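Chemist: Model the structure of this input:
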Amino acid sequence: MPPQLLIKARAIISDGHQLLMCWEKRIQKWMLPGGTLEPGENLQACLARELQEELALDVAIGPLLGCLEWHRQDQGRGYQEFDFIFKVVPPLGLLDNPVIANEDHIEFETVPIAALSTMANVVPPGIAAWVAQEYHKEGIYSFVAQDQ
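Modeler: Residues are numbered from 1 along each chain as shown. Got it, this is the predicted structure:
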């Protein structure tokens, strides 16, 4: 069976020192906030909707920073995922306080960017190095991460 194709919109929500990360309880992985594109939806609208649903945030979606392609297995099913990552300026004080999720299947934590490379269970593979080097640049960057 061919892998299922997933298109996601994700956010770099950072002040340059800290980064907001999302813990997905079902798969026990850390990832950038965001979610799956719905039919007929554009990527910016998808990310705005996901941030509203997950965090009750109404924010302006900034520039596209990159597109990450990665492959993974989950319960015997293959997935090919394209994560389109956008810069989102955090509302004042967001990263200085505990961030409460509006959905039961996720949790949020603000982590130092420097500590991201030492965190376990972060997907896609290679995202920590990419964030540390590229998150602040505008323009399109991409890489194909290692298979999960």
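
Chemist: lowest-pLDDT helix or strand in this protein?
Modeler: Least confident helix or strand of the chain, by mean pLDDT, DSSP states H and E, is strand 141-144 with a mean of 58.

Chemist: What about residue 118? Give its phi and psi, please.
Modeler: Summarising the backbone geometry of residue 118 under the convention degrees, to the nearest 10, its torsions are phi -100, psi 0.

Chemist: Contacts for stretch 104-119, please.
Modeler: Stretch 104-119 is contacted by residues 14, 16-26, 30, 33, 54-55, 95-96, 99-101, 122, 127-129, 131-132, 135 when judged by C-beta atoms under 8 Å, 6 or more residues apart in numbering. Where C-beta positions appear, they are placed from N, C-alpha and C, glycine not excepted.

Chemist: got any ranges where this protein has weak pLDDT?
Modeler: When the per-residue scores of the chain are filtered using pLDDT under 70, the ranges that remain are 133-148.

Chemist: As a check, name the ranges of all strands in the chain.
Modeler: Residue ranges of the strands in the chain, as given by DSSP state E, are 4-13, 18-24, 29-31, 34-36, 64-74, 77-88, 106-112, 141-144.

Chemist: how about these, which one is nearest residue 46?
Modeler: Relative to residue 46, the nearest member of the strands of the chain by C-beta to C-beta is strand 4-13, separated by 4.2 Å.

Chemist: In its sheet, which strands sit next to the closest one, and in what direction?
Modeler: The partner list of strand 4-13 in its sheet, established with DSSP bridges, is strand 34-36 (antiparallel), strand 77-88 (parallel).

Chemist: May I see the buried residues of it?
Modeler: Buried residues in strand 4-13, defined by neighbour count with 16 or more other C-beta atoms under 10 Å: 7, 8, 9, 10, 11, 12, 13.

Chemist: Next: stretch 50-65.
Modeler: For stretch 50-65, the buried set under the neighbour-count rule, 16+ other C-beta under 10 Å, comprises 50, 51, 54, 55, 57, 59, 61, 64, 65.

Chemist: Just to check, the third one is in contact with residue 48?
Modeler: No. With contact taken as C-beta atoms under 8 Å, residue 54 and residue 48 are classed as non-touching, separated by 11.2 Å.
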